[in-house]
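Engineer: Predicted model and sequence below, questions to follow.
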Amino acid sequence: MEVGLWLLALCALLLPALWLLSFLRTDTDLTLLWAAWLGRRPEQVLTGMVVWVTGASSGIGEELAFQLSKLGVSLVLSARRTQELERVKRRCLENGNMKERDILVLPLDLADTSSHDTATKAVLQEFGRIDILVNNSGIAHYSFAVDTNLDVFKLITDVNYLGTVSLTKCVLPHMMERNRGKIVIINSIAGIIPVPLCSAYSGSKHALRGFLNTLHTELYDYPGITVSTICPGPVHSNIYQNCFLGEVTKVLGKQARDIPKMSTSRCVWLILVSMANDLKEVWIADQPVLFAIYLGQYMPFLDWIISKKTWGKIINQYIMDWHNYLENSCHKRPSK
C-alpha cells in the first residue's frame, strides 16, 4: 500500500516537470501543440478546398501557397506584384499535384477596398465557391510613435485592418449562404503583447484580434463557418526589410537587424494544422518569445518587470539601426 502511494506521489511530481520541460522546448501554445500531436492532419481536411491567400507573393503567404499546393487544393493567389505571383504559381505547379486551371493569379491592392467586391466575384466565377479565405497581407513600421508620421498610421490601418475587414465582409455573405467556410487572419504576437517601435502595426493587429473575436460571436447561428486568428512571432520574411521608418517614403531595407526567426516552413505547417482543427486563436513563436506571450496574458505585471530590460535592448538596437541607415543614405532622422 505504501509503495503504491509513493508511486502516485512520484507521478504527481514528475508529470508537471515533464509538462514544463515539453513547454520550454515547444514553439506553439498548448492548444495547437495538442492538435499537432493528436488532431486532424491538414491532408485529411483541406484537400479539394478552394483557398484564397492574400499576400501570396512572398514570406508566409508564398510558403502557405506552396504547402497547400501539395494537398491538392484550388488556389487563388493575391498581392500587388503580378510578376511575383506568377513566380509563386510556377513554384506551386512544380509539385505536380496541380494543373494550370487549379491556380488563379488575382492581383489585389488590399488598401483599395473598392476593388474587393469585383475580386470576390472573379473568384466565385472561376471556382464557384470560396472555402477558406486566408488574410495574410500586411505591412509594418520600425520607429518611435512620436517620430512616426500620421500617414504611416493611416496606411498601415488601411492595409492591415480596414483592407482585411473589407475583403472578409465581401466573402462572408457567400459563406453564410452555404453555412460553410473558414476565415483565417494571420495576425502577430504584436496583436497580443506590446512590442516597442511598432505602435501603428501593433495597433492594427490588436484591432484585427478584436474584430475577429466579435465576428466569432456574431456567427453563432452559422456553425459551419469558423474564424481563426493566427499570431506568429518573428518569422523569415521580407516584412522587416520593407518596414517604414517614420515616413512612407523611407524603408529600413538592408539595414534590418538580424534577429532570431522561426523558419517559414515550420510556421506554415503549424498554420495548416490550426486550420485543419478549426482553432480559434493560436500563438506560434520560438522560446523565449512564447513564454513572454503567456506572461503578458496571464501575469502582465511580472511580464513588465522582466521585459523592461528586453525592451531597452530593442530600443538601443533601433538607435544603432538609425545610425547605420544614416550612414548609407542622405536622409535625416525625423525630429523628436
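Structural biologist: Looks like it came in fine.

Engineer: how about the strands in the stretch 1-150 of the chain?
Structural biologist: If you assign secondary structure with DSSP state E, counting those that start in this stretch, the strands in the stretch 1-150 of the chain sit at 50-54, 74-78, 103-105, 132-135.

Engineer: okay, those in JSON lines with mean pLDDT and mean neighbour count next?
Structural biologist: (Each C-beta comes from the backbone N, C-alpha and C, glycine too.) As requested, these are arranged in JSON lines below (pLDDT from 0 to 100; neighbours: other Cβ atoms under 10 Å):
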{"stretch": "strand 50-54", "mean pLDDT": "98", "mean neighbour count": "24"}
{"stretch": "strand 74-78", "mean pLDDT": "98", "mean neighbour count": "26"}
{"stretch": "strand 103-105", "mean pLDDT": "98", "mean neighbour count": "20"}
{"stretch": "strand 132-135", "mean pLDDT": "98", "mean neighbour count": "26"}
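
Engineer: May I see these arranged in a markdown table, with distance to P223 as well?
Structural biologist: As requested, the strands of the stretch 1-150 of the chain are exported to a markdown table (distance: least, Cβ to Cβ, whole Å):
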| stretch | distance to P223 |
| --- | --- |
| strand 50-54 | 20 |
| strand 74-78 | 24 |
| strand 103-105 | 29 |
| strand 132-135 | 17 |
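
Engineer: out of those strands, nearest to N160?
Structural biologist: Each of these has some distance to N160 by Cβ to Cβ; the shortest is strand 132-135, at 9.4 Å.

Engineer: Check which strands are paired with the closest one and give the direction for each one.
Structural biologist: If you go by DSSP bridges, strand 132-135 pairs up with strand 50-54 (parallel), strand 181-186 (parallel).

Engineer: how about these in a markdown table, adding distance to P107?
Structural biologist: What follows is these, written out as a markdown table (distance: least, Cβ to Cβ, whole Å):
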| stretch | distance to P107 |
| --- | --- |
| strand 50-54 | 11 |
| strand 181-186 | 19 |
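
Engineer: Can you say which of these is nearest to K70?
Structural biologist: Taking Cβ to Cβ, strand 50-54 is the member of the strands paired with strand 132-135 nearest to K70, at 12.4 Å.

Engineer: Quickly list what the nearest residue to E86 once chain neighbours are set aside is bridged to.
Structural biologist: For E86, the nearest residue in space outside its immediate sequence neighbours is V105; the separation is 6.1 Å by Cβ to Cβ, 6 or more residues apart in numbering. On the basis of DSSP bridges, V105 is bridged to L77.

Engineer: Make 466 the starting number, not 1.
Structural biologist: Understood, numbering begins at 466; the last thing we discussed is V570.

Engineer: I'd assumed R546 was in contact with V570.
Structural biologist: No - taking Cβ atoms under 8 Å as the definition, V570 is not a contact partner of R546, at 10.6 Å.

Engineer: Looking at the strands of the stretch 466-615 of the chain, spot the one closest to V649.
Structural biologist: V649 lies closest, by Cβ to Cβ, to one member of the strands of the stretch 466-615 of the chain: strand 597-600, at 4.7 Å.

Engineer: Check which helices and strands the helix or strand encompassing A757 sits against.
Structural biologist: Taking DSSP states H and E as the criterion, A757 maps to helix 754-763. With contacts defined as 3 or more Cβ pairs under 8 Å, 6 or more residues apart in numbering; DSSP states H and E, helix 754-763 has these neighbours: helix 765-792.

Engineer: residue contacts, S523?
Structural biologist: The neighbourhood of S523, defined by Cβ atoms under 8 Å, 6 or more residues apart in numbering, consists of A544, E549, S702, N703.

Engineer: where does the third one land in three-state SS?
Structural biologist: In the three-state summary, S702 is assigned as coil, counting by DSSP: H, G, I helix; E, B strand; the rest coil.

Engineer: Quick check: the gap between the nearest residue to it once chain neighbours are set aside and V733.
Structural biologist: The spatial neighbour of S702 that comes closest, neighbours along the chain excluded (Cβ to Cβ, 6+ apart), is G524 at 3.0 Å. In this structure, G524 and V733 are 10 Å apart, going by Cβ to Cβ, to the nearest Å.
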